[in-house]
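> got a sequence here, can you model it:
(chains A and B)
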Amino acid sequence: MTNHLLHLGPIDLIVILLYFVVVIGIGFYLKNYMKTGEDFFLAGRDMTAWIAGLSFVAANLGSLELMGWAAASYQYGILAAHWYWIGAIPAMLFLGIVMMPFYYISKTHSVPGYLRLRFGEGSRAVSAISFALMTVLMSGINMYSMALVMKVVLGWDIHFSIWISSITVAAYVFLGGLLSAIFNEVLQFVLIWLGALLIPILGLVETGGWEGLQQRLTTNLGKTDYTHLWSTLGSFSDNPMGIHWTGIVLGLGFVISFGYWTTDFLVVQRVLAAKDLRSAKMAPIIGASFKMFVPFIVILPGLLGLAVLPEKLVPESVAAVTAGAHSYNEVLPLMLARYCGPGLLGLGITALVAGFMSGMAGNVSAFATVWTYDIYRPLVKKEKPDAHYVSIGRWCTLIGVLVSIGTAYLVMSFQSIMDYVQALFSFFIAPLFGTVILGMLWKRATPAGGLWGLLAGTVSSIGMWAWVKLDPSALQIIALSPKAKDMAENMYRALWSWIICVVITVVVSLVTKPRPDSELKGLVYGCTEIPSESGLTLVQRPIFWAGVVTVVFVVLQVIFW
Amino acid sequence: MHKPGMISIWFFIGVLLVAYGLLICGAGIYDYVTPPTAPTVLANLHAGIWWGTVILAMGVFYSWRFYPRSK
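From the prediction side, this is the model:
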């Protein structure tokens, strides 16, 4: 393959090679500290707020995230930033301030584990099996997508990319468990910023700052709606995404965002590893403060690409059949090639590889924990020594990686699977949030209510998705407008499935017998004594920093209104 | 985050950044002395030199601050 975007020199290759050496080295170094299940699956519950917070954000900051949202901002403009701001910050703060005490005080190993304590084995089994399955499938899809990008961008063989990256991740998670994953995620977070930050800096120099960028976009596109966050959301037809503000606020900002950031164990596991409750509450707040500025290295490069790149980028399907055309997904590599010389190019590619690895390690470590503690231990072999479960966790890491590789090859053969699996993943997030939030805040919710609500929400979400697949005109019913586009469907489907989950949970709970308060201690608001923070000064309190982040968040919305 | 005797992650990061800073800064200086035939956009700003210096400075700071025997 010679028709690729970037050409790496010896310095670039050394930069990439050094990265691989260090992440593997960290895995070997930490192996000596893995003694117990708590060490392997929860990093000894010994992380500072900063480490847990950075890892919390890095586990989500995968390479697809970087390139996908840069592509989305090229396509939809600054509206893509909603996924970083309204679609993340309120939920992260809510996790830290409201939900973390219950996760942490209950001493659960996982989110399905919390559901067992609150609603019983049925709810745990449903969420654990669906989470384990979806995690490895998503990991495989991400792996394939990453390998495809490496092929297009660098001309690397697709099998080489898949196997080298996977073996590296498998090695360091196998050796050092969650601690190794978290350590490497912090390293990867730093490299992602250092590798990607130069693009917006040089891009803004080239365009003459933000005002210069806006002028170029207006000149190139003949319209101004690409740089406004909210003012174009009054109607489905006024913005490039074809979405209404209610879909962004209620669907994305409430259900999808809260579902992902507060119940997806991939990210919550990082916070559970914090050393005490205050650190666990601070970690998502620290994560939110960094997340708020990620658009600077993801969204801004996409907008800059729209302003300065001489070629017009096209959808993936068009690029595949058009000689010399580049797809939206290539905007970040194209910007790297535009500004980065020897060494810097290697650092930029390292940032992409690091992003992929942090995302995959997150999936694999979460899979190993949920499989071992929520499927293997309760359903296969109970009451075994701790060392047995550590051993199972290690082997699950390898099995998880191998299944992911298998999925990557499956996707390679049947690419439409990617659409289906991504949809499947979304089926579980919104209803799970409904079940967990009612479980934490409403002590009248019963085990039967939790289980049937979760099942009803999931089945209704699948039903709505199938309905639109069979009859595309159904989109206007689900998304409440004939002008709605695909993105709006996801938002409203999530909202409806969450509402259905909540309604069924409430109705079933009201006609079934609740658990006594004595069984709900440490699990539910009103039955749990939250440790007092009266001994802390104002600046030591998580709520103070949540307030600071909220103010900055609001200011950003106003600036880019 | 530390068990007794465990090296801080920030030290690992510092060491890697020192290596990266030297490589990138060195490559930037080489490009300054012998300009490439196909320069990147804004190559006149010599981003490799100053960005490499920033990375090197960060690396030196973290290596020194979190050196295992510094306490």
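> for chain A, what are the nearby residues on chain B?
Applying C-beta under 8 Å from any C-beta of the partner chain, one finds that chain B approaches chain A through B:1-3, B:6-7, B:9, B:12-13, B:15-17, B:19-20, B:23-24, B:26-28, B:30-31, B:36, B:39-43, B:45, B:47-48, B:51-52, B:55. Glycine gets a C-beta too; all of them are placed from N, C-alpha and C.
> from the residues you listed, list the buried ones, please.
Buried members of the residues of chain B next to chain A, scored by 16 or more other C-beta atoms under 10 Å in any protein chain shown, are B:1, B:6-7, B:9, B:12-13, B:15-17, B:19-20, B:23-24, B:26-28, B:30-31, B:40-41, B:43, B:45, B:47-48, B:51-52, B:55.
> only C-alpha atoms, please: export the helix or strand harbouring A:Phe544 in CSV.
Using DSSP states H and E, the element containing A:Phe544 is helix A:542-559. Output in CSV follows, covering the C-alpha atoms of helix A:542-559 (Å, rounded to 0.1, in the frame of the first residue of the first chain):
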residue,chain,number,x,y,z
PRO,A,542,-16.0,18.4,46.2
ILE,A,543,-19.2,20.5,46.0
PHE,A,544,-17.1,23.7,45.8
TRP,A,545,-15.1,22.4,42.8
ALA,A,546,-18.3,21.1,41.2
GLY,A,547,-19.6,24.6,41.5
VAL,A,548,-16.4,26.0,39.9
VAL,A,549,-16.7,23.6,37.0
THR,A,550,-20.4,24.4,36.6
VAL,A,551,-19.6,28.1,36.3
VAL,A,552,-16.9,27.5,33.6
PHE,A,553,-19.3,25.2,31.8
VAL,A,554,-22.0,27.8,31.7
VAL,A,555,-19.5,30.5,30.6
LEU,A,556,-18.4,28.3,27.7
GLN,A,557,-22.1,27.8,26.6
VAL,A,558,-22.6,31.6,26.6
ILE,A,559,-19.4,32.3,24.7
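> does A:Leu432 really touch A:Gly259, like I thought?
Yes: with contact defined as C-beta atoms under 8 Å, A:Leu432 and A:Gly259 form a contacting pair (6.2 Å).
> what's the average pLDDT for the helix holding A:Phe544?
In this model, helix A:542-559 has a mean pLDDT of 95.
> buried residues of that helix, list them for me.
Result for helix A:542-559 [16+ other C-beta under 10 Å]: buried residues A:542, A:545-546, A:549, A:553, A:556-557.
> got a list of what A:Tyr131 touches?
Actually, residue A:131 is Phe. It isn't Tyr. A:111-112, A:265, A:366, A:370, A:428 (C-beta atoms under 8 Å, 6 or more residues apart in numbering or on different chains).
> just these now: which is nearest chain B?
Ranked by distance to chain B (C-beta to the nearest C-beta), the contacts of A:Phe131 are led by A:Ala366 at 19.4 Å.
> which residue, other than its chain neighbours, is closest to the most centrally placed residue in chain A?
Among the residues of chain A, A:Asn60 comes closest to the average C-alpha position under C-alpha atoms, centre = their mean, at 3.7 Å. Distances taken as C-beta to C-beta, 6 or more residues apart in numbering or on different chains place A:Val267 nearest to A:Asn60, at 5.8 Å, with adjacent residues excluded.
> how far off centre is the host helix or strand of that neighbour?
Per DSSP H and E, A:Val267 falls inside helix A:265-272. When distances are taken as C-alpha atoms, centre = their mean, to the nearest Å, helix A:265-272 is centred 11 Å away from the chain's centroid.
> with stretch B:31-50 instead?
18 Å.
> show residues contacting that stretch.
So stretch B:31-50 is contacted by A:198, A:202, A:205-206, A:308, A:337-344, B:24-25, B:27-29 (C-beta under 8 Å, 6+ apart).
> so which of those residues belong to helices?
Members of the contacts of stretch B:31-50 lying in helices (criterion: DSSP state H): A:198, A:202, A:205-206, A:308, A:337-339, A:344, B:24-25, B:27-29.
> closest one of the residues you listed to A:Gly122?
A:Leu198 (51.3 Å; C-beta to C-beta).
> based on its surroundings, how many neighbours for the closest one?
Neighbour count for A:Leu198, taken as other C-beta atoms under 10 Å in any protein chain shown: 22.
> hey, C-alpha coordinates of stretch A:381-390 in PDB?
Listed next in PDB are the C-alpha coordinates belonging to stretch A:381-390 (Å, rounded to 0.1, in the frame of the first residue of the first chain):
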ATOM      1  CA  LYS A 381     -17.700 -21.300  41.000                       C
ATOM      2  CA  LYS A 382     -18.600 -19.800  44.300                       C
ATOM      3  CA  GLU A 383     -16.500 -19.700  47.400                       C
ATOM      4  CA  LYS A 384     -13.100 -20.100  45.800                       C
ATOM      5  CA  PRO A 385      -9.900 -18.500  47.300                       C
ATOM      6  CA  ASP A 386      -9.100 -15.000  46.300                       C
ATOM      7  CA  ALA A 387      -6.000 -16.200  44.300                       C
ATOM      8  CA  HIS A 388      -8.300 -18.300  42.100                       C
ATOM      9  CA  TYR A 389     -10.300 -15.200  41.100                       C
ATOM     10  CA  VAL A 390      -7.200 -13.200  40.400                       C
END
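> can you map out the helices along chain B?
Going by DSSP H, chain B shows helices at B:9-33, B:47-65.
> without its sequence neighbours, what residue ends up closest to A:Val126?
Nearest residue to A:Val126 in three dimensions, chain neighbours excluded: A:Leu454, at 5.9 Å (C-beta to C-beta, 6+ apart).
> ok, the one you found - contacts?
Per C-beta under 8 Å, 6+ apart, neighbours of A:Leu454: A:123, A:126-127, A:431-432, A:434-435, A:501, A:505.
> one step back: got the contact list for the residue nearest to A:Asn60?
Contacts of A:Val267 (C-beta under 8 Å, 6+ apart): A:56, A:59-60, A:260-261, A:362.
> any idea how far chain B is from it?
18 Å (C-beta to the nearest C-beta, to the nearest Å).
> same check, this time on A:Ser518
Between A:Ser518 and chain B the distance is 36 Å, computed by C-beta to the nearest C-beta.
> how many neighbours does that residue have?
A:Ser518 has 7 neighbouring residues, counting by other C-beta under 10 Å.
> wait, is it part of a helix?
Yes: per DSSP: H, G, I helix; E, B strand; the rest coil, A:Ser518 lies within a helix segment.
> local confidence estimate at it?
90.
> for A:Leu523, same thing?
Looking at A:Leu523, the pLDDT reads 90.
> what sits against it?
A:102, A:106, A:114, A:117-118, A:439-440.
> hmm, try it at 6 Å
A:106, A:117-118 (C-beta atoms under 6 Å, 6 or more residues apart in numbering or on different chains).
> any idea how far it is from chain B?
28 Å.
> what's the pLDDT at the residue lying closest to that residue once chain neighbours are set aside?
Spatial nearest neighbour of A:Leu523, excluding adjacent residues (C-beta to C-beta, 6+ apart): A:Arg118 at 5.1 Å. pLDDT recorded at A:Arg118 is 93.
> and A:Ser416, by the same measure?
The model's pLDDT for A:Ser416 equals 60.
> state the number of residues packed around A:Ile105.
Using other C-beta under 10 Å, A:Ile105 is surrounded by 17 other residues.
> OK, contacts around it?
When contacts are counted by C-beta under 6 Å, 6+ apart, A:Ile105 touches A:Gly522.
> so where is the stretch 51-200 of chain A shaky, pLDDT-wise?
Across the stretch 51-200 of chain A, residues meeting the criterion (pLDDT under 70) sit at A:63.
> SS state for the residue in it that chain B sits nearest to?
Nearest residue of the stretch 51-200 of chain A to chain B (C-beta to the nearest C-beta) works out as A:Phe183 at 4.5 Å. Of the three states, A:Phe183 takes helix under three-state DSSP.
> what does A:Thr512 give?
Going by three-state DSSP: A:Thr512 is coil.
> likewise the one 3 residues further on?
With three-state DSSP as the basis, the three-state label of A:Arg515 is coil.
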